[in-house]
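Chemist: Based on what follows, work out the 3D shape:
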Amino acid sequence: MSSKKKGQSKKKSTKKKGAKATSTKPSLFTRAKENFQKKRLVYTYCLGFLVLVGIFAAIQNSDWFKNSLDPVLNVYASISSVLLNILGQGTNAIQQTVKGDAFSVNIKQGCDAIAPMLLYFSAVVLYPISFKWKWQGVLGGLVALFVLNIIRIVTLYLSGAYGSMGFFDFMHVEFWQVLYIILTVFIWLLWVRWAGRKQLESNG
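Modeler: From the prediction side, this is the model:
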């Protein structure tokens, strides 16, 4: 009799403990709130990035922005022509066109690298770190992306001059578009690593 009662009392106490543990377990709303607090910076960064990218996309599609691109495209054509002449191609820059005896490249909107530059700019500006590391990241990254686009134009001209149109289309549509995005992300990651190290050094 006594052993049975002891077993019953143990079961009752176990049930009480289980009920107590269940009652102290945080609710789904509380856990979601705690999770949001932990990752608030990540969510804020992603939301701000999407908003800024949306604003830039709207600006890019406006008529006044498209009309203001001509000077930028002219600069791309002029610099690319100079580099191609150094390589012995004998090209001329006529507004947005790099023209040579073997081939010609017309630089249009979409080949200006403005979209990746704006994405990179947004990713750097919104990153939660001191501004003194941001401006260096913006300046250095945009210069790197500008130079990278010049290299793209030069290699596209050479692809068309010495290869087939199929090879040119592959380099233009598949190779360089994917590679440029990858390199844009890579440059941003390099800056994040560099800026994080500088931040730690300054705090230490």
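Chemist: those helices in the protein, which residues are they?
Modeler: 2-24, 28-38, 40-60, 63-67, 70-86, 114-125, 131-162, 165-169, 176-203 (DSSP state H).
Chemist: what's the most buried one of these?
Modeler: When the helices of the chain are scored by mean count of other Cβ atoms under 10 Å, the highest mean neighbour count falls to helix 114-125 (a mean of 19). (Each C-beta comes from the backbone N, C-alpha and C, glycine too.)
Chemist: follow-up on the earlier one: switch the helices of the chain over to TSV; also include distance to residue 96 and mean pLDDT.
Modeler: Output for the helices of the chain, formatted as TSV (distance: least, Cβ to Cβ, whole Å; pLDDT from 0 to 100):
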stretch	distance to residue 96	mean pLDDT
helix 2-24	69	48
helix 28-38	48	58
helix 40-60	17	74
helix 63-67	13	73
helix 70-86	4	93
helix 114-125	14	89
helix 131-162	11	94
helix 165-169	17	92
helix 176-203	18	91
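Chemist: Next, format those as JSON lines and append distance to residue 108.
Modeler: Shown next, in JSON lines, are those (distance: least, Cβ to Cβ, whole Å):
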{"stretch": "helix 2-24", "distance to residue 108": "64"}
{"stretch": "helix 28-38", "distance to residue 108": "44"}
{"stretch": "helix 40-60", "distance to residue 108": "13"}
{"stretch": "helix 63-67", "distance to residue 108": "10"}
{"stretch": "helix 70-86", "distance to residue 108": "7"}
{"stretch": "helix 114-125", "distance to residue 108": "12"}
{"stretch": "helix 131-162", "distance to residue 108": "11"}
{"stretch": "helix 165-169", "distance to residue 108": "15"}
{"stretch": "helix 176-203", "distance to residue 108": "14"}
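Chemist: and residue 103, which of these is closest to it?
Modeler: The minimum distance between residue 103 and those falls on helix 131-162, with 4.0 Å, by Cβ to Cβ.
Chemist: what angle do the closest one and helix 114-125 make?
Modeler: Interaxial angle of helix 131-162 relative to helix 114-125 (axes from the mean of the first three to the mean of the last three Cα atoms, to 10 degrees): 160 degrees.
Chemist: for helix 131-162, packing partners?
Modeler: Contacts defined by 3 or more Cβ pairs under 8 Å, 6 or more residues apart in numbering; DSSP states H and E place helix 131-162 against helix 70-86, strand 104-106, helix 114-125, helix 165-169, helix 176-203.
Chemist: quick one: contacts for residue 198?
Modeler: Residue 198 makes contact with residue 133, according to Cβ atoms under 8 Å, 6 or more residues apart in numbering.
Chemist: any idea how far it lies from residue 112?
Modeler: According to Cβ to Cβ, to the nearest Å, residue 198 stands 31 Å off from residue 112.
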